[in-house]
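Asker: Quick one: sequence plus predicted model below, questions after.
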Amino acid sequence: MTRLVASFHHPRAWLVALMAAVAAAQLWLAHHFDGFLTGDEVEVLSEAFRVATGAPYGLWNVRSRFVPQVIAAPPLALFTHLGIHDPSTLIWLATLPFVAASVVTIPLVYALAKRWSDDELAARAATLLFALHWIPLGFGGTTYPRVVAMACLTAAAWLVARETNLACVAAGAFAGVAFADRFSEIVFVIPLALAARRRGAYIVAGFIASASLTVGAYDWLTWGAPFASLRNFARVTLVVRDFSSRVKVQSPLWYLETLPRWCALTLVPFFWRARHRDAWLYVVIPLVVLSCIAHKELRYLQSLIPFLAILGGLGFASLLRTRPRVAAALLALSLTWNLVGLRFVERRSMAAVDAARFLGREPSLHTLAIPQVWAFGDKHYLGHDRRVFDIGSPPHDLAAALDASDAAAIYGSDLTPAVRAELAQRGFALRAVFRRARSRDVVVFVRSLSGTSDRARR
């Protein structure tokens, strides 16, 4: 027993245990909270399924196909070949590369913090602050591309810290892969180049070479023109500003206004003592640039969380030398504070997915009216042979959709007296109600036999 406890004083054993715990937690979260937060992850899944299984899905032309095809599709193709065809199982298995990328970032954070500080306690504190932060922990079990980008950019920063020309070229190449994952990650090229100092040109050269392959050439192969998805993304983001979210534009100060949600305020004393120029570059510059973009989401900050955690770890080690009890208390509070945000997984669309499974098992239902098709997993659960009307939330053009449908799913919060009257008038009867955690309740209505007769007469 003493030998076992002593082994955990060794960095390698400690890191392996933490990585295993995080991987297990992320896989459990992906399995238990089996819904979706936005349509972005469904898009990645759908393109991966198209490549792996030939299913008739599509991808918005502002997206690079690199992550869905190169990272998400291979495990799907493998497990499908092995005879696994259940959509729930395949969607869960599709998260494996993303869990791996998230878990690999843990030792990268440790290594970078150790290199910057040469302090074991600082490195361990930084690693804990990263591993138990709700953004990387919660999104690591999803198919959001920024999970991969975060790993690439942390690796890039570690390579820059090695201070060799070849390492800086490799760092730029990793930044190019992150750029293919999500175009906004280009902002990290600036701190990488500044941290490299006189080797900044090697960062830029590596980035240009990598991005030319992962975005330029890959878009040419998959979209038919070099940098096609990037040009479409720039037009939608900077010119048209046609974002898919309900709230399309936020204040430039939005990230500061929401600071307590993504950064424990108990870390501030640590930040005050963390006088490390390079670490601050990786936090401040991306934060300023992302604040200038009209649409903002907390998950867009995922790639700066490793550096935020390292700043916290460096400050903790500094304060520990003079005020050990205060430092320990602040660290414990910070870990708890940053973990509370993990409750966001309860808002994933589990109830909608349950409703989709229910509708998918009913062979007599050929045409469906549902809100937010992405929340129901597109046609992964509903089946490819069904016609689906996306009536939105709150419902729009409901009458026309109901006239052509055999069943309708309505969010409980959208079920107003007017909507109920519309359903009753067209012969729809309550069939099932689905509730899961804090996801939006879904109420399923199916057309009665009399309603079917009325539709036939019309």
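Answerer: Okay, I see it. Because the structure is a prediction, the values reported are computed rather than measured.
Asker: can we go C-alpha only for contacts and neighbour counts from here?
Answerer: OK.
Asker: low-scoring stretches of the stretch 351-458 of the chain, by residue?
Answerer: Scanning the stretch 351-458 of the chain for pLDDT under 70 picks out the ranges 449-458.
Asker: Would you map the helices across the stretch 301-450 of the chain?
Answerer: Here the stretch 301-450 of the chain has its helices, by DSSP state H, counting those that start in this stretch, at 305-320, 324-340, 350-360, 398-403, 417-425, 449-457.
Asker: Quickly compare those helices and say which is most buried.
Answerer: Comparing the helices of the stretch 301-450 of the chain by mean neighbour count (mean count of other C-alpha atoms under 10 Å), helix 305-320 ranks first with a mean of 26.
Asker: Distance of Thr416 relative to Ala409?
Answerer: 13 Å (C-alpha to C-alpha, to the nearest Å).
Asker: Quick one, which of the helices of the stretch 301-450 of the chain gets closest to Thr89.
Answerer: Smallest distance to Thr89 across those (C-alpha to C-alpha): 12.8 Å, for helix 350-360.
Asker: List of residues touching the closest one?
Answerer: 33-36, 365, 375-377, 381-383, 409, 434-436, 439-442, 444 (C-alpha atoms under 8 Å, 6 or more residues apart in numbering).
Asker: Please apply the same query to stretch 288-308.
Answerer: Contacts of stretch 288-308 (C-alpha under 8 Å, 6+ apart): 109, 130, 135-136, 146-147, 149-151, 153-154, 184-185, 187, 243, 247-255, 262, 279-280, 282-283, 286-287.
Asker: for stretch 78-98, same thing?
Answerer: For stretch 78-98, contacts defined as C-alpha under 8 Å, 6+ apart pick out 27, 30-31, 34, 45, 52-53, 71-73, 75-76, 140-144, 147-148, 380-381.
Asker: Next: stretch 400-409.
Answerer: 355, 365-371, 389, 391, 423, 426, 428, 442-447, 455.
Asker: Just give me how far it sits from the chain centre.
Answerer: 32 Å (C-alpha atoms, centre = their mean, to the nearest Å).
Asker: For Leu267, give me its contacts.
Answerer: So, once contact is read as C-alpha under 8 Å, 6+ apart, Leu267 ends up touching Gly312, Leu330, Leu331, Ser334.
Asker: Pick out the most distant pair among those.
Answerer: Gly312 and Leu330 (10.2 Å).
Asker: Kindly provide the distance from the residue nearest the centre of the chain to Thr266.
Answerer: For the chain, Tyr144 is the residue whose C-alpha lies nearest the centre (C-alpha atoms, centre = their mean; 3.3 Å). Using C-alpha to C-alpha, we find Tyr144 at a distance of 29 Å from Thr266.
Asker: now Leu259
Answerer: Leu259 is 12 Å from Thr266, where distance means C-alpha to C-alpha.
Asker: neighbour-wise, which of these two wins?
Answerer: Thr266 (19 against 13; other C-alpha atoms under 10 Å).
Asker: Need the per-residue pLDDT for that one.
Answerer: pLDDT for Thr266: 96.
Asker: how close does it sit to Ala24?
Answerer: Counting by C-alpha to C-alpha, the gap from Thr266 to Ala24 is 28 Å.
Asker: for Pro252, phi and psi?
Answerer: Dihedral pair for Pro252: phi -60, psi -20, per degrees, to the nearest 10.
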